[in-house]
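J.: curious how this folds, go ahead:
(chains A and B)
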Amino acid sequence: MKKIVLLFFILVLTKDLFPQDFPDAKPNILTSWAVLQLLPSPTFFQDANNENARVQFGFKWHITPLSISFRPNKYVSPVQSFFIYPARRFSGSAEIFIDPELATSSFKYSNISIFGVSLGSRVILPLTGKGENLCFSLGGKYTLRKNFGNDKNYYYGAEAGIYFFGGLMGFQYTQNFNTKTNYNINLYIKYF
Amino acid sequence: MKKILVIFFVLFSFVLNGCFVLRVTINNLGESITSSPLKIENKITNPVKDSVKLSALWIGHSTVLIQIYDKVIITDPFLNNRINGIFIRKKEPGMDFENLSRLDLVLISHSHMDHLNFVSLGMIEDKFPGCNLIFPEGDEKYLPDFNLNLIKATTRKYQNKQYTGDAIYVDGMIITPVYALHQGGRYAIDTYAWSEKGATGYILQYKDVCIYFAGDTGYNDEAFKVIGNDFKIDLALIPIGPCRTCESKGMWFHTSSMEALQLFDDLNASYMIPIHYGAIKYFTSADYPLYALKQILQNPESKYNKFADKVKILSEGEQIIWKDKSDSKIEDSKINDK
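T.: Residues are numbered from 1 along each chain as shown, chains lettered A, B, ... in the order given. Here you go, the predicted structure:
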C-alpha cells in the first residue's frame, strides 16, 4: 500500500514535467500543488523543563487560508486563498496562516505532545528586488498543543522570518511565551 | 522517521531529476559565489542619438535598446548583475543605465527570471516613472505593481500557428503580439509541470520601421512564415540557444543557432541580431551558440551562408545604427560606435 501511495505521488509530481512537445492540455495543477504542500519545513523545537533543556527536531507545514497583497498590479486581485502566487506575497502582504507541527520524537523534558497547530498572522515586507530576492516577515501566533496528560498547553508566540528565492524558501524564528518550548527555528519551504 | 526521510528524498529526486532549471542552477551556482561578471570596456555613454532612423544596442542576453527615430524601446531588461539576487551573469550589462536619457517603452516577452527582472524594472520605474511596459497575458500573476504603465497584451491563442494578436497603440507605436513557442511561469514547476501560459513575440512598428522581437521561442516550420507574410520586417531580434547541439535541432522551447537562421529565413527580414546567449552558462560555454552560428554562416556548404552579411553579430555594449535615408530601405552605416 505504501509503495502504491509513493508511486502515486511520484507520478503526480512528474506528470508532464519534461514534455517533448508543447503540452496541449494543462496538467492538474491543484493536485500537484496539494502534493507539494506536503513537503515539510524542517524545524528545531526547544524541549525544556526547570532543570534540563535540549533541541528537538521535527517538521512544520504551512497553510495560508488568506493573503492580502499591498501591491497587486491592476490586473489581479489583492486577495488570495491557499494557492498564493509569490509576487503578491513577497512584494508586501498580510496573511493568516495555519502551521501544523510535528516533532519526530517525544518532548521528554517538557512532556508536551509531539503534535501542535499554530494559528496566526504575519506581515511580509520586501527588502530587495521587490521582495523576490529578499523579504522579511513579522507576526504573532497562538499554538494549540496538549500535554502528555491530555490537558491543554496553549501559548502565544512572536515570529520573525526572512525569505529569498521568491519567498519560496526562508528561515523563521519563533519566540514562544511558554517555558516548556521557549523557541523554535525552521527552514521555511512553501511552493505557492 | 527513516521512511519519512526516504519518501521525502525520493519525491525531491524525481521532481529535480532531468530538470532544465536544476542543471542551469548547478552550472551557475558555484561561479555565482566565487566570481564576478567580466567587465565590458568602452561602454557607449550616449546610447540615444539624434537623427537616427534605427539603432540597436545589445546590452546582453535578450536586452536590446532600440531607437526608432525619436522613440526608445528596451526589450526584456536585465540591467543588473544577478538573476533573482543569486545567479551571476558572465558579462556585465553592456550599458550603464545612468547614461540612458530617454525610454518610451519596455517589452517583456515572458516571466522567466532572465527576462522579467524585478531589480531592472525597479531601476526603470525610479528613473522613468510611468513608462509604458507591455507584457503577455498570464504574466500579470507574476508581476508586482510598479510605478509604470502596465499594459497586458492579449495572447490567449499565442500557440496557434496562424496567430497574430490584437495590436496595441502606444505613443504612435504599434505593438502586435505574435506567435512564440515557449512557456510562462517563473519558479520551475509552474513552468515545466503546470505549463503556465504567458509568452509572446512582438512586432513593433513605428513610422516606416518594423522590428521583430522573438523573446524566447522554439522553432516551428509554419508559424514564422505567417509572420513573414504579414509583416515586412526590417530587423529581427532572434534568440540562439540555449542548445546542446547548436549546429542542428534545438529544444522544443528554444531555437538552436541553426534553427534561428531558419527562422530568419522564414521571416524574410532584412537584418538579424542574434540574442539570448553570453550571459548565462546553460550547458557548456555561454558563448557556444555564437560559435556555432559563426561556423554555420562561414561554412561554404551551408544553405545559411547567404545570410552572412545580414546577420549582425554584436558584442555586449555594441550599437548598430542605420541613419535616416531618403529611401525607405534601411541601410547600416555604422556598426560600432565606440
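J.: now the residue most central in space within chain A: closest residue in space that isn't a chain neighbour?
T.: When C-alpha atoms, centre = their mean is applied to chain A, the residue found nearest the centroid is A:H62 (2.6 Å). Once flanking residues are discounted, A:H62 sits nearest to A:K190: 4.5 Å by C-beta to C-beta, 6 or more residues apart in numbering or on different chains. Quick note: C-beta positions are derived from backbone N, CA and C, even for glycine.
J.: picking up where we left off before, the residue nearest to the centre of chain A against A:N186, yeah?
T.: No: counting by C-beta atoms under 8 Å, A:H62 stays clear of A:N186, with 9.5 Å between them.
J.: show me where chain A has its strands.
T.: For chain A, strands defined by DSSP state E occupy the ranges A:41-48, A:53-60, A:63-69, A:79-80, A:93-103, A:112-128, A:134-147, A:155-164, A:169-176, A:183-189.
J.: and the fifth one, what's buried?
T.: Buried positions in strand A:93-103, judged by neighbour count with 16 or more other C-beta atoms under 10 Å in any protein chain shown: A:S93, A:A94, A:E95, A:I96, A:F97, A:D99, A:E101, A:L102, A:A103.
J.: residue of chain A closest to chain B, please.
T.: The nearest approach of chain A to chain B comes at A:N133, 3.0 Å away (C-beta to the nearest C-beta).
J.: and the pLDDT at the nearest residue to B:L107 once chain neighbours are set aside?
T.: Using C-beta to C-beta, 6+ apart and skipping the chain neighbours, the partner closest in space to B:L107 is B:T75 (4.9 Å). With respect to pLDDT, B:T75 scores 98.
J.: swap in A:F8?
T.: A:F8 is assigned a predicted lDDT (pLDDT) of 59.
J.: then B:N27?
T.: 72.
J.: what sits closest to it if chain neighbours are left out?
T.: Spatial nearest neighbour of B:N27, excluding adjacent residues (C-beta to C-beta, 6+ apart): B:K281 at 5.1 Å.
J.: cool, B:D166 as well?
T.: The nearest residue in space to B:D166 (C-beta to C-beta, 6+ apart) is B:T154, at 5.2 Å.
J.: point me to the residue of the stretch 201-338 of chain B nearest chain A.
T.: B:W252 (5.8 Å).
J.: wait, that residue touches B:Y192, no?
T.: No: applying C-beta under 8 Å, one finds B:W252 not in contact with B:Y192, separated by 11.9 Å.
J.: neighbour count winner among the two?
T.: B:Y192 (22 against 15; other C-beta atoms under 10 Å in any protein chain shown).
J.: dihedrals phi and psi, that one?
T.: The phi/psi pair for B:Y192 (degrees, to the nearest 10) reads phi -90, psi -30.
J.: that one contacts B:Q183, correct?
T.: Yes: if you go by C-beta under 8 Å, B:Y192 and B:Q183 touch, sitting 7.4 Å apart.
J.: how many other residues sit next to the residue of chain A closest to chain B?
T.: For A:N133, using other C-beta under 10 Å, the count is 23.
J.: ok, B:S248 next?
T.: So B:S248, with other C-beta under 10 Å, has 13 neighbours.
J.: assign the closest residue to it other than its chain neighbours to helix, strand or coil.
T.: Distances taken as C-beta to C-beta, 6+ apart put B:M258 closest to B:S248, at 5.9 Å, once the chain neighbours are dropped. Applying DSSP: H, G, I helix; E, B strand; the rest coil to B:M258 yields a three-state assignment of helix.
J.: how many other residues sit next to residue 127?
T.: I'll assume chain A. For A:L127, using other C-beta under 10 Å, the count is 16.
J.: looking at chain B here, not the other one
T.: With other C-beta under 10 Å as criterion, B:K127 counts 13.
J.: that one against B:L100, yeah?
T.: Yes: B:K127 sits in contact with B:L100 when judged by C-beta under 8 Å, with a separation of 7.4 Å.
J.: and B:G250, what does it touch?
T.: B:G250 is in contact with B:G218, B:Y219, B:G241, B:C243, B:S256, B:M258, B:E259, counting by C-beta atoms under 8 Å, 6 or more residues apart in numbering or on different chains.
J.: correction: the previous question concerned B:M123.
T.: Counted by C-beta under 8 Å, 6+ apart, B:M123 has contacts B:P77, B:L79, B:N80, B:F97.
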